[in-house]
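>>> Provide a 3D model corresponding to the input given below.
(4 chains)
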There are 4 protein chains.
Amino acid sequence: MMNINLVSRTGREKTIVHVGNMSIGMGFVVIAGPCSVENKEQAIRTALVVKEGGADALRGGAFKTRSSPYAFQGLGLEGLEILKNAKDQTALPIVTEVIDPRDVSIVCKYADMLQIGTRNMQNISLLKEVGKTNTPVLLKRGMNSTIEEWLNCAEYILNEGNPNVVLCERGIRTFETYTRNTLDLSAIPVIKELTHLPIIVDPSHAVGRASLVSSMCLAAIAAGADGIIVEVHINPSEALSDKDQSMNPEQFFEMMKRVRSLQRFMDELR
Amino acid sequence: MMNINLVSRTGREKTIVHVGNMSIGMGFVVIAGPCSVENKEQAIRTALVVKEGGADALRGGAFKTRSSPYAFQGLGLEGLEILKNAKDQTALPIVTEVIDPRDVSIVCKYADMLQIGTRNMQNISLLKEVGKTNTPVLLKRGMNSTIEEWLNCAEYILNEGNPNVVLCERGIRTFETYTRNTLDLSAIPVIKELTHLPIIVDPSHAVGRASLVSSMCLAAIAAGADGIIVEVHINPSEALSDKDQSMNPEQFFEMMKRVRSLQRFMDELR
Amino acid sequence: MMNINLVSRTGREKTIVHVGNMSIGMGFVVIAGPCSVENKEQAIRTALVVKEGGADALRGGAFKTRSSPYAFQGLGLEGLEILKNAKDQTALPIVTEVIDPRDVSIVCKYADMLQIGTRNMQNISLLKEVGKTNTPVLLKRGMNSTIEEWLNCAEYILNEGNPNVVLCERGIRTFETYTRNTLDLSAIPVIKELTHLPIIVDPSHAVGRASLVSSMCLAAIAAGADGIIVEVHINPSEALSDKDQSMNPEQFFEMMKRVRSLQRFMDELR
Amino acid sequence: MMNINLVSRTGREKTIVHVGNMSIGMGFVVIAGPCSVENKEQAIRTALVVKEGGADALRGGAFKTRSSPYAFQGLGLEGLEILKNAKDQTALPIVTEVIDPRDVSIVCKYADMLQIGTRNMQNISLLKEVGKTNTPVLLKRGMNSTIEEWLNCAEYILNEGNPNVVLCERGIRTFETYTRNTLDLSAIPVIKELTHLPIIVDPSHAVGRASLVSSMCLAAIAAGADGIIVEVHINPSEALSDKDQSMNPEQFFEMMKRVRSLQRFMDELR
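Numbering: from 1, shown residues only, chains lettered A, B, ... in the order given. The predicted structure is shown next:
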């Protein structure tokens, strides 16, 4: 039914995607950082917090897809330079979004992993363009996309020659309004049944409230995810985007302790 | 915004609901059993399996709300008698559904806990009737209901005088068709923020596939649920309802081992 | 696939349901009135407006299913008496909701047509009870129900012996928040393909804004509906329920002129 | 609440968008043609049918956004050449999709109107690129997008300098599976309240079944739409895409007669 081929689990070993020193699909990884790179100080300070907390990679947006043309659109190339600086200071690999097929080559010069955001999951031109590179790709699930559609988008990337794809469940749109979206953790065991690609979870965008993120991180581990990606900001109340869902450093450190402890337990349980 | 009063967490201790020897809201409980009581042999044998696996209570439906009038509607009073028999043999408290306000008094004679099913969450006459008893109530979330609507239905029950309400997240209806419904585990921390009532999770109905149930049970524990309710059948392929999602005894025993182990770990982590 | 039998169109003539002088399934009917019967003056004055505008029947709720126990729950028996009075003064047949199987016999003494509300579409006990009467039934679609589930609920009623069922599309729950629900007008031709039962449309509850109701009434006619049911209040801003979506008398009169004109045109076009 | 500026109706006259001889926003327009341009013969023969039926413009896809990389992706530039040929033979203006910002200039050489498809509604790079042209844009609603998000995407285009935007409601994704999507006709009066831009309706993609298209076209007129866009194929059963929802020539001619007749009536009614 699924019409998938290259991403199908049948007859294949589980894929491990190497991003700098981080290996996704082996152990449990944590990618953390701000929604947007806002300025040098905010980005570097957050990167140091993320490093101190024990994350494996730094996330941060330079090119943003915003609902309104009047919302902060990201710093673009300047943001990429800041991320490079943050990498120099922390040795963390960089995960950042690309939103235009014409930007893929330039973003590849700065990014260790290219993120395809939820609104661009079915941006076929963009999928084909990142498929022509060898840079690892983090493919977020469209907030309104079925698992079948998601896997077909991964198939587009592999079909162009890039096997380094990691899936990211980030919540789907439902009628519930208390949370921003509804995090579909059952997608984790489903993905493991259907494909050899790793899957990580983004609870920050899904729930939209920082107080709910930590328990969803723990649930993601227990459900078998290969990692999480979370939003951290040195001062969430002043964030230019996603202020409600960003953890402050204390929340992040506390979450990390629990995540690493549960991760070790689950490694033994399995 | 929520317009809730009696169920609001503000100024109240967490509620513990006692159902026979089972205390919901203290530790982690497991309720297990068949979707429907089909006949005496099936029910008793399943009850013994559930007991052997270490569950805290037995579930089983005598009155069923089925989509079609031509589907198996449950054994009714005969089913309640069989459940009583199963209780005699296992000492497990009984959780069973009531679907008609006129049946509440008779079902209370057999049930230790009354289940309000997902299709009856907003059956106000039924809510009021169970609210007039002292029997504990398991209030399933409507598959299309917001958390606000769900809490208001609990408010209906408490408003009639019955404080013994346990909430049960069982998946919501979304566009995704690979799973039967989408399990909303973020409802767990949300419920804990908003109300003093305990919350358990029903992964069987949510995912609709037995192979996915175990990982969702573990995720529910990690997310902070007070328990789970799962479907077990001695021979799922011959079940009269919900055959795809019922665990067989081996799957149940394996799940229970992992659940109890993770539960102990989480007790220490918190 | 649909698992329907008695409601299936195959081999059957289109059903015409007679409610007093109103025949649903032949021509185009308009049922109008307040969401709730609030008091005698409001109900009688609205009934006279509805009559003056040329409606075929009066709607009004005496028993209400409200989200919160603290919202106005309807006048109950007193409301039924007021509706009887309104009928005496206008000769309009009465359409009113029943929400408890124990109330069916008493409501039948006052109602020319029993309404099953959206939250009770799968209240099987209630469906069976109205199925044992001969009183026509207006079965609203569950706001979260598929067409297949809806038809199966009609099947429950016919299966008990009552053939006088009219379906009512009233909007489904989606992610869109600008309108209260999303009116699914494509359900009209679908229902006509699948079943011999008539179908009417309730745009008031679907859109939730009075300014949008008139154009949806016209669209319903063009799509082939057998009628509409709309909310009218003599003073919407003071309504105890559904104030945003109730038309005032002027809006109603204007809408009726356009509805009757379009109806005549469509009768010729077909 | 909507955060819109240039597209807001407040203080502005209704926009009329001129596409060749077709004026959208004045009278009622019909755009028709195949989902995909498959080959010259199919495209030309369908164009002649569309012309004969009285349509105002020809639609046809040369660049396609398909769910699977293994599905027909469109003929690309060759498809554009065929459309030009069809235009030469029928004098109908051409509406065709653009899916990549790098293709905008070339597609503008062939198209009288650029279509932004449902999966690309939030492809911001593409919106900005078409916003830099003067070619009229048909902006389809994302199948999972709120009206607010949709209007913000139109705002992106106007904000780049192109005022010639027409909105197209094409159905939203819901839990209902009998139809492909759920056509939201209430969006028509909503859009007319909120913006000065014209709105047309695509019932073919929404319902996904040719037998339902005609009644939805009539409903769209009655609801106040400025036009429709429908799929027509000379031999639907052999179509390379969307075969279930394409009308054959006879269905199209019959629909057009009824559409034009209703349109004249509605012009008088208003």
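>>> Quick check, pLDDT for the residue nearest to A:Ala223 when sequence neighbours are not counted.
Excluding the flanking residues, the one nearest A:Ala223 by C-beta to C-beta, 6 or more residues apart in numbering or on different chains is B:Ala219, at 4.0 Å. Backbone N, C-alpha and C define where each C-beta goes, glycine included. For B:Ala219, the pLDDT comes out at 98.
>>> Same question for A:Met1.
54.
>>> next one: the one 3 residues further on
Among the per-residue scores, A:Ile4 shows a pLDDT of 91.
>>> Next up, the contacts around it.
A:Glu148, A:Leu151, A:Asn152, A:Glu155, A:Leu194, A:Thr195 (C-beta atoms under 8 Å, 6 or more residues apart in numbering or on different chains).
>>> quick one: A:Ala86 from chain C, how far?
36 Å (C-beta to the nearest C-beta, to the nearest Å).
>>> quick check, the host helix or strand of that residue touching chain D?
Here A:Ala86 sits within helix A:77-90, counting by DSSP states H and E. No - judged by C-beta under 8 Å from any C-beta of the partner chain, helix A:77-90 makes no contact with chain D; its nearest approach is 15.0 Å.
>>> Spell out for me which residue occupies the centre of chain A.
A:Ile229 (4.9 Å; C-alpha atoms, centre = their mean).
>>> The nearest residue to that one once chain neighbours are set aside and chain C, how far apart?
Closest residue to A:Ile229 apart from its sequence neighbours, by C-beta to C-beta, 6+ apart: A:Ile31 at 4.2 Å. Per C-beta to the nearest C-beta, A:Ile31 is found 28 Å from chain C.
>>> neighbours around A:Ile31, how many?
28 (other C-beta atoms under 10 Å in any protein chain shown).
>>> and what of A:Leu48?
Counted by other C-beta under 10 Å, the residues lying close to A:Leu48 total 17.
>>> if we can go back for a sec, out of the contacts of A:Ile4, which sit inside helices?
Of the positions in these, A:Glu148, A:Leu151, A:Asn152, A:Glu155, A:Leu194 sit in helices, assigned by DSSP state H.
>>> picking up where we left off before, do I have it right that the residue nearest to A:Ile229 meets A:Ala55?
Yes - between A:Ile31 and A:Ala55 there is a contact at 6.5 Å, judged by C-beta atoms under 8 Å.
>>> And the pLDDT for A:Asn159?
Predicted confidence (pLDDT) for A:Asn159: 97.
>>> and if you look at A:Arg141?
A:Arg141 is given a pLDDT of 98.
>>> That one - nearest residue in space that isn't next to it in sequence?
Going by C-beta to C-beta, 6+ apart, A:Arg141 has A:Trp150 as its nearest residue, at 4.8 Å.
>>> Next, work out how far apart the one you found and C:His233 are.
Distance of A:Trp150 to C:His233, given as C-beta to C-beta, to the nearest Å: 47 Å.
>>> So between these two, which is more surrounded?
The residue with more neighbours, out of A:Trp150 and C:His233, is C:His233; 28 against 23, by other C-beta under 10 Å.
>>> My guess is the more buried one contacts C:Ala47. True?
No - in this structure, C:His233 is not within contact of C:Ala47 by C-beta under 8 Å, at 11.6 Å.
>>> Show me which residues of the stretch 101-250 of chain A sit near chain C.
Close to chain C, as judged by C-beta under 8 Å from any C-beta, the stretch 101-250 of chain A has residues A:Asn144, A:Arg173, A:Thr174, A:Phe175, A:Thr177.
>>> and of those residues, the nearest to chain D?
Ranked by distance to chain D (C-beta to the nearest C-beta), those are led by A:Asn144 at 2.9 Å.
>>> What residues does the closest one make contact with?
A:Ile172, A:Arg173, B:Phe175, C:Phe175, D:Gly142, D:Met143, D:Asn144, D:Arg173.
>>> Show the contacting residues for A:Ile200.
A:24, A:29, A:31, A:138, A:166-169, A:220, A:225-229.
>>> Can you spell out which residues form a bridge with it?
Per DSSP bridges, the residues bridged to A:Ile200 are A:Cys168.
>>> What of A:Arg59?
Residues in beta-bridge contact with A:Arg59 (DSSP bridges): A:Val95.
>>> any idea how far B:Gly25 is from it?
37 Å.
>>> Neighbour count: these two, which is higher?
Between A:Arg59 and B:Gly25, counted using other C-beta under 10 Å, the more crowded position is A:Arg59 (29 against 19).
>>> ok, A:Ser186 - how many residues close by?
31.
>>> now do A:Glu268
8.
>>> rewinding a little: want to throw the ones in helices among the contacts of A:Ile4 into a markdown table with pLDDT and neighbour count?
Formatted as a markdown table, these follow (pLDDT from 0 to 100; neighbours: other C-beta atoms under 10 Å in any protein chain shown):
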| residue | pLDDT | neighbour count |
| --- | --- | --- |
| A:Glu148 | 96 | 17 |
| A:Leu151 | 98 | 25 |
| A:Asn152 | 97 | 25 |
| A:Glu155 | 97 | 25 |
| A:Leu194 | 97 | 19 |
